[in-house]
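**Student:** structure for the following, please:
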Amino acid sequence: GRAYGNLGLAYNSLGEFQKAIEYHEKHLAIVLEFEDRSEEGSAYGNLGNVYHSLGEFQKAIEYHEKHLAIALELEDHSGQGKAYNNLGAAYGRLGEYRKAVEYHEKDLAIALELEDHSGQGRAYSSLGIAYNSLGEFRKAIEYHEKALIIALELEDHAAEGRSYGNLGLAYENLGEYRKAFEYHEKDLVIALETGDRTGEGMTYGNL
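**Tutor:** Residues are numbered from 1 along each chain as shown. Purely as a prediction, here's the structure:
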């Protein structure tokens, strides 16, 4: 079962989403047979992530809600946080930004409770993106600055770059273009250092 799940994750990373779904469904069939609730929750979460990648956000939400229900039943706080984050991301893509904020705040509360700094950074970043989409740019900046502090603390260069890029976008929306340039240039430096060609291209576009 875990082997099928891992193959599903690998194919999702390669962008071969239909193949990823096949393997995650095989994983799910086995864990249902053995009544392994924890693995069942993981399988639902993984399927939700693939459907999110495919742009099928309502279907993604269905799977993430199943994952959340199991995580709540098992009192699995880490699983709850992941499900809340994934639900927030899906509602954000549907343009339901207030609902996205609600889920990301629940994710943040769990990350703070568990003293999970990586999870806190993820939640701050997601909240910043949601508030930016709502037009609350100052609030977005507050959250992206918090995400940046954690990324620097953890020496997570990918998250650091994302924070710079998100800050650049927020300042651009405020019309503070010089400040936006500064952040996008910092994002570009990290993309070049880490060989992130996709991030590099996006940053050129933002600049």
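**Student:** Gly5 - how many residues pack around it?
**Tutor:** 20 (other CB atoms under 10 Å). To be clear about C-beta, it is placed using only N, CA and C from the backbone, and glycine gets the same treatment.
**Student:** which residues are in contact with it?
**Tutor:** Tyr23, His24, His27, Glu39, Ser42, Ala43, Asn46 (CB atoms under 8 Å, 6 or more residues apart in numbering).
**Student:** so who does the closest residue to Val31 other than its chain neighbours touch?
**Tutor:** Once flanking residues are discounted, Val31 sits nearest to Glu39: 4.1 Å by CB to CB, 6 or more residues apart in numbering. By CB under 8 Å, 6+ apart, the contact set of Glu39 is Gly1, Arg2, Gly5, His27, Val31.
**Student:** now swap in Glu73 and tell me
**Tutor:** Listed by CB under 8 Å, 6+ apart, the contact set of Glu73 reads Arg37.
**Student:** picking up where we left off before, of the contacts of Glu39, which is the nearest to His117?
**Tutor:** Comparing the contacts of Glu39 against His117 with CB to CB picks out Gly5 as the nearest, at 26.4 Å.
**Student:** pLDDT wise, what is the closest one at?
**Tutor:** The model reports Gly5 with a pLDDT of 98.
**Student:** swap in the one 4 residues further on?
**Tutor:** At Leu9, the pLDDT value in this model is 98.
**Student:** got the phi and psi for it?
**Tutor:** phi -60, psi -40 (degrees, to the nearest 10).
**Student:** out of the contacts of Gly5, who has the most neighbours?
**Tutor:** Busiest of the contacts of Gly5 [other CB under 10 Å] is Ala43, holding 29 neighbours.
**Student:** in contact with Thr203, which residues are there?
**Tutor:** Gly165, His184, Asp187, Leu188, Ala191.
**Student:** same thing but 10 Å
**Tutor:** Taking CB atoms under 10 Å, 6 or more residues apart in numbering as the contact definition, Thr203 lies against 161, 164-165, 168, 183-192, 196.
**Student:** tell me which residues of stretch 166-175 come out buried.
**Tutor:** Asn166, Leu167, Gly168, Leu169, Ala170, Tyr171, Glu172 (16 or more other CB atoms under 10 Å).
**Student:** and the residues you listed, which is closest to Lys66?
**Tutor:** When these are compared against Lys66 (criterion: CB to CB), the nearest one is Asn166, at 30.1 Å.
**Student:** what is the nearest of the contacts of Gly5 to Ala130?
**Tutor:** Asn46 (23.5 Å).
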